[in-house]
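[1] Show me the folded form of this:
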Amino acid sequence: MRVRTIPVLGALVLLTGCGAADMTRQASPFANAQGTRTVTLSVQSWVGAQANVAVAQYLLEHKLGYRVDTVQVDEIPAWDALSQGRVDAILEDWGHPDQEQRYVDDKKTIVRGGDLGVTGHIGWYVPTYFAKQHPDVTDWKNLDKYADRFRTAESGGKGQLMDGSPSYVTNDKALVNNLDLDYQVVFAGSEAAQITQIRQFAKEKKPFLTYWYSPQWLFEKVPMTEVKLPAYKEGCDADPEKVACAYPHTPLQKYLNADFSKKGGEAAALLKKFRWTTEDQNEVSLMIADQKLTPAEAARKWVDSHPSTWKKWLS
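    Predicted coordinates for the structure are as follows:
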């Protein structure tokens, strides 16, 4: 779940946020192709997911000789596309239990591909420079005290809680309502737009409250401190309208089309074994988003410097 919870080469749209793509109608012509060494990977709009695909694509193309196509698609439609064989794999899922039940357990058109090796977490964050000045802001019970400090022209006289893309699954509107906070959720529009706004606030040393997540390379550029929400307990987020608890820590998962998992040969085997660390992902993400390398260049640099990690995926 990026409850949000949302690539890289070829036909990829980079860092612009996902549109409401209908993958039952849009798909790569190479997905599920018979008799050809092709793989189609679903790419979500956040840079960590782009980093996964960049490295997987580089290895599939340069070490195994596959043609790789990438398709950017929202999180829920990606499950439909994967089920139908329009894409072969999702490399970073933040938890969609309804989709998992439907496609993995009931229809059996999708199979689990194993842990990515990265644990994701969503939360509310303030800049560390503001938290040091006002330590009590890190407790949600004190947020209303600072609502006027977080007010913007877009927040309608209330404090602004900045979210990213409207396509992300998020509990924030319910949390604001159920915790009775004097805040308005304002969408930046995409991860890239949200990053731009955060960096502008930080440059001017302004206070801000934002929905954000780890792993994410931006923490290295703009240190942020999490606001403690009511503790997460299993099932506390079961009803989206009644959520009044923090987001969980989620071991991120991979999923493969069931037919591809059986017949995908070396490509399917590599993707199942693909497992790296938060530090690995952030290293590639930083090169793509901050250093402005192309995903292929970033992947090549990482592959060249981490042979002991990826060679195990080919064995």
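
[2] isn't Y213 right next to Y125, touching?
    No: with contact taken as Cβ atoms under 8 Å, Y213 and Y125 are classed as non-touching, separated by 9.1 Å. For every residue, glycine as well, the C-beta is placed using N, CA and C.

[3] What ranges does this structure have for its strands?
    Counting by DSSP state E, residue ranges of the strands within the chain are 38-43, 67-72, 89-93, 110-127, 159-163, 183-187, 209-214, 224-227, 249-257.

[4] Report the backbone C-alpha coordinates of the fourth one in CSV.
    Extracted C-alpha coordinates of strand 110-127, given in CSV (Å, rounded to 0.1, in the frame of the first residue of the first chain):
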residue,chain,number,x,y,z
ILE,A,110,-1.5,-13.4,-10.3
VAL,A,111,1.1,-15.0,-8.1
ARG,A,112,3.3,-13.5,-5.3
GLY,A,113,6.8,-12.7,-6.4
GLY,A,114,8.3,-12.3,-3.0
ASP,A,115,9.6,-9.4,-0.9
LEU,A,116,11.3,-6.5,-2.6
GLY,A,117,13.5,-6.2,0.4
VAL,A,118,12.3,-2.7,1.2
THR,A,119,9.9,-1.7,4.0
GLY,A,120,7.6,1.2,3.1
HIS,A,121,6.0,3.7,5.5
ILE,A,122,3.7,6.6,5.0
GLY,A,123,3.3,9.4,7.5
TRP,A,124,2.9,13.1,8.1
TYR,A,125,6.1,15.1,8.3
VAL,A,126,7.2,18.5,9.2
PRO,A,127,10.7,19.9,8.4
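
[5] just how off-centre is that strand within its chain?
    Computed by Cα atoms, centre = their mean, to the nearest Å, the chain-centroid distance of strand 110-127 equals 7 Å.

[6] and E154, how many residues sit next to it?
    E154 has 11 neighbouring residues, counting by other Cβ atoms under 10 Å.

[7] thinking it is in contact with V186, fair?
    Yes: counting by Cβ under 8 Å, E154 does reach V186; the two are 4.7 Å apart.

[8] Just grab the bridge partners of the nearest residue to V104 once chain neighbours are set aside for me.
    Spatial nearest neighbour of V104, excluding adjacent residues (Cβ to Cβ, 6 or more residues apart in numbering): I110 at 5.1 Å. With DSSP bridges as the criterion, I110 is bridged to N257.

[9] residues contacting I110?
    79, 82-83, 103-104, 255-258 (Cβ atoms under 8 Å, 6 or more residues apart in numbering).

[10] ok, 10 Å please
    Shown in contact with I110 (Cβ atoms under 10 Å, 6 or more residues apart in numbering): 79, 82-83, 89-90, 99-100, 102-104, 255-258, 260-261.

[11] just to revisit the earlier point, what sits in contact with each of E154 and V186?
    By Cβ under 10 Å, 6+ apart, the residues touching both E154 and V186 are 160, 162.

[12] quick one: low-confidence ranges for this structure?
    Applying pLDDT under 70 to the chain flags the ranges 1-36.

[13] can I see the domain layout of it?
    38-119+250-314, 122-249 (automatic domain parsing).

[14] among the ones you listed, which is the most enclosed?
    Mean neighbour count (mean count of other Cβ atoms under 10 Å) peaks for domain 38-119+250-314 among the domains of the chain, with a mean of 20.

[15] Just the endpoints, please. Distance across that domain?
    One end of domain 38-119+250-314 to the other measures 17 Å (Cα to Cα, to the nearest Å).
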